[in-house]
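Novice: Below: sequence and its predicted model.
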Amino acid sequence: MKVRIALIAFGGNAILPENQKGLQEEQMHQAQKAAELMVQIIKKGYELIVVHGNGPQVGNLLIQMEEAANKIPPFSLDVCDAMTEGSMGFMLEKAIINELRRQSIDKDVATIITQVVVDKDDPAFEKPTKPIGPFYPKFRAQQLSRQKKWTMVEDAGRGWRRVVASPIPVRIVEAEAIHKLVAAGFTVVGVGGGGIPVIEQENGDLIGVEAVIDKDFGSSVLATLIKADLFIISTAVEKVAINFNKPDQKWLDRITVAEAKQYITEGHFAKGSMLPKIQAILRFMEAGGKAALITNPENISRALKGETGTWIVP
């Protein structure tokens, strides 16, 4: 019997909310809350892949490295991505294992450190726009720009910040390994933070690059490659809306690909918020995806029953 596969993507803020300090104990607690939601999906009969964001975690790691830069040479951004994939994967993996045992579900969990191939000629490399890491005083920003060839921008009077490219993911290096694990009954944590961006040289060698991959786009590529039956994006709102925050706001229960494209054309979805999520889902659907769902964490169980959330269908 063919297994049903669901892939869920949620942001790094789910493990490190803005109102918390980022203590290890806090993140462990948030991972446990996330695990309870993940197991709800498994109980619906799906084999599950979990993709998490890592923006706040990488940001904190870069701040730590800057503070210790005079004592320990800092790592490059691709290695920092790998470090957070490992640490967050551990927290989620442990929490999901514990929750499965608590509910008497016999299932194994594995975390895959995931590389994602991007095009070395992606236009994003010509004009980096994604801010990362700490704020710097002007003199330090100029120093880093000279020494490391970083692109630095002034940020609304708060200081100077590094910006990097956010290229479109092309291929998941470990997609086949993830697929085999899921087919064997494993719950998999992978493509953390959108994955570690790498470029493929002519001889096939992979080289890490200092960039950021949008986790929703990374998730979309993986969902397509493994032929997921359901692609879930967990976000801050229960449903998607058009005319958001306006008097004529309308919540959407179910939309088609054609309707989603029309809403994009009409400018209903904000660039830094809902737009990339809808675009990621459209990429998945146009590559043969069957269904996608957008909702907030606390309503995942109800949404899977069709009681809430926004469903996107062909």
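Specialist: Received, thanks. Numbers count the residues shown, from 1 in each chain.

Novice: so where does I132 fall, helix or strand?
Specialist: Secondary structure from DSSP states H and E places I132 in strand 130-136.

Novice: So for the helix or strand just after that strand, mean pLDDT?
Specialist: Downstream of strand 130-136, the first helix or strand assigned by DSSP H and E is helix 138-148. Mean pLDDT, helix 138-148: 92.

Novice: What helices and strands are in contact with helix 138-148?
Specialist: Where contact means 3 or more CB pairs under 8 Å, 6 or more residues apart in numbering; DSSP states H and E, helix 138-148 is packed against strand 151-154, strand 160-164. From N, CA and C alone the C-beta is placed, and that goes for glycine too.

Novice: Rebuild these as JSON lines, extending it with mean neighbour count and mean pLDDT.
Specialist: Formatted as JSON lines, these follow (neighbours: other CB atoms under 10 Å; pLDDT from 0 to 100):
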{"stretch": "strand 151-154", "mean neighbour count": "14", "mean pLDDT": "94"}
{"stretch": "strand 160-164", "mean neighbour count": "20", "mean pLDDT": "95"}
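
Novice: Select, out of those, the one closest to I97.
Specialist: Closest to I97 of the helices and strands packed on helix 138-148, according to CB to CB: strand 160-164, at 34.0 Å.

Novice: Tabulate the helices and strands packed on helix 138-148 (CSV), appending distance to F186.
Specialist: Conversion of the helices and strands packed on helix 138-148 to CSV gives the following (distance: least, CB to CB, whole Å):
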stretch, distance to F186
strand 151-154, 40
strand 160-164, 32
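
Novice: I264: which of those is closest?
Specialist: strand 160-164 (25.1 Å).

Novice: Which strands or helices does that closest one pack on?
Specialist: Using 3+ CB pairs under 8 Å, 6+ apart, strand 160-164 sits against strand 130-136, helix 138-148, strand 151-154.

Novice: would you turn these into CSV with distance to L92?
Specialist: Putting these into CSV (distance: least, CB to CB, whole Å) gives the following:
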stretch, distance to L92
strand 130-136, 22
helix 138-148, 32
strand 151-154, 32
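
Novice: wait, which of these is closest to V109?
Specialist: strand 130-136 (29.1 Å).

Novice: Mind giving me the packing neighbours of that closest one?
Specialist: The contact analysis (3+ CB pairs under 8 Å, 6+ apart) places strand 130-136 against helix 55-67, strand 160-164.
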